[in-house]
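Engineer: Structure for this input, please:
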Amino acid sequence: MAENFAPTQWLSWPRSSIRIVDWNIDRGLQLRSILDFLGDTNADILILQEVDVNARRTHHLNIAQEIARKLRLNYVFGREFVELTQGSKTSPAYHGQATLSPWKISKPRIIHFDRQSDFWKPRWYKPKLQTFQERLGGRIALVAEISIQGVSIICHNIHLESRSNDELRLAQLNEVLLDASVYDSTQLVVVAGDLNLNASKSVMTDALVRAGFRDVVPTSRVPTTPARHLLEAGRHLDWAFVRGPVQADAGKVHRSVRGSDHYPISFELRIADSRLSRRAEQSKRTG
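Structural biologist: Residues are numbered from 1 along each chain as shown. Below you'll find the model as predicted:
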């Protein structure tokens, strides 16, 4: 699913920085608060997880479309699940990831992870209630290319499994890293999303380092979810990684923001490599 609501961009100079926001928006239940925050970010790329389409709990709205229309963005949506308790046979409800930008989004595709949990599958003995979240489908990565003034960014929007162990989540992450390995060292690649794990654990860090990625938001030190009880300060679940000839800075966990059961994270990419600058300049001259 993809639609364009952004006006044509007419910037006459190459970009020196790119701002990216990642957020698990908890289905879009608090859409007004979500819009208020995202509208103030002036981001070039929004990477969102847990996005509803036509679900009863979110008033049968297409949440990605609502955000894109109101903020005048382009978007692509990747479906994780059919939410069986949120729609009907004639009007199904979906749940997944959305990537949005005021810039051109192209070549969207979905990585359906080979390894999945069977937790969500319908069972004959489960009551047909919303609390059991019966679903068809599985976890995915939504991949898309965003072109910003001649600079191309390959964006992997990921949501790893919550109902299993870190071994399965690492297997899913490795599928993303394998997919990213086809791009050469001059290509900017971003991997961001809800990993449902603490990626500062050595086995995760080793896999990312081997693939050439570096952590760009201080989520190993700052929790990205509110505390669930007095003995927990919050969990470190939401991460962003970058590979390519750029400098990443201004990484932040926005712990004052409400609107979800996760905090948004953000960072900026500084275009430092001369090849990228020349590519942007060439695009400006020929465009």
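Engineer: Report the spatially closest residue to residue 270, excluding sequence-adjacent ones.
Structural biologist: Among residues not flanking residue 270 along the chain, residue 247 sits closest, at 4.1 Å (CB to CB, 6 or more residues apart in numbering). Yep, even glycine has a C-beta here, placed from its N, CA and C like the rest.
Engineer: so that neighbour is in which element?
Structural biologist: Per DSSP states H and E: residue 247 is located in strand 246-253.
Engineer: How about residue 142?
Structural biologist: Residue 142 is located in strand 140-148, with elements delineated by DSSP H and E.
Engineer: Residue 7 and residue 73 touch, don't they?
Structural biologist: No: the criterion here is CB atoms under 8 Å, and residue 7 misses it with residue 73 at 10.1 Å.
Engineer: Compare the two (neighbour count), which wins?
Structural biologist: Taking other CB atoms under 10 Å, residue 7 and residue 73 do not tie; residue 73 has more neighbours (24 against 8).
Engineer: I'd like the distance between that one and residue 18.
Structural biologist: Counting by CB to CB, to the nearest Å, the gap from residue 73 to residue 18 is 15 Å.
Engineer: Also residue 5?
Structural biologist: Using CB to CB, which is the criterion applied here, residue 5 is 20 Å from residue 18.
Engineer: The two: which has the busier surroundings?
Structural biologist: Between residue 5 and residue 18, counted using other CB under 10 Å, residue 18 has the larger neighbour count: 24 against 16.
Engineer: and the more buried one, that's in a strand?
Structural biologist: Yes: with DSSP: H, G, I helix; E, B strand; the rest coil as the criterion, residue 18 is located in a strand.
Engineer: Look up the residues forming beta bridges with residue 147.
Structural biologist: Per DSSP bridges, the residues bridged to residue 147 are residue 104, residue 152.
Engineer: Burial check on it, number of neighbours?
Structural biologist: Using other CB under 10 Å, residue 147 has 15 other residues around it.
Engineer: which residues sit in contact with it?
Structural biologist: Contacts for residue 147 were tallied using CB atoms under 8 Å, 6 or more residues apart in numbering; they are 103, 104, 106, 153.
Engineer: which of those lies closest to residue 186?
Structural biologist: Lowest distance from residue 186 to the contacts of residue 147 (CB to CB) belongs to residue 153, with 12.1 Å.
Engineer: doesn't residue 47 make contact with the closest one?
Structural biologist: No: contact status for residue 153 versus residue 47: not in contact, 10.9 Å apart, counting by CB under 8 Å.
Engineer: The two: which has the busier surroundings?
Structural biologist: residue 47 (30 against 23).
Engineer: Now the more buried one: closest residue in space that isn't a chain neighbour?
Structural biologist: Nearest in space to residue 47, with sequence neighbours left out and distances taken as CB to CB, 6+ apart, is residue 22 at 4.3 Å.
Engineer: Roughly how far does that neighbour sit from residue 57?
Structural biologist: Separation of residue 22 from residue 57 (CB to CB) stands at 23 Å.
Engineer: Pick out whichever of the two has more residues nearby.
Structural biologist: For residue 22 against residue 57, the residue with the higher neighbour count under other CB under 10 Å is residue 22, and the figures read 30 against 14.
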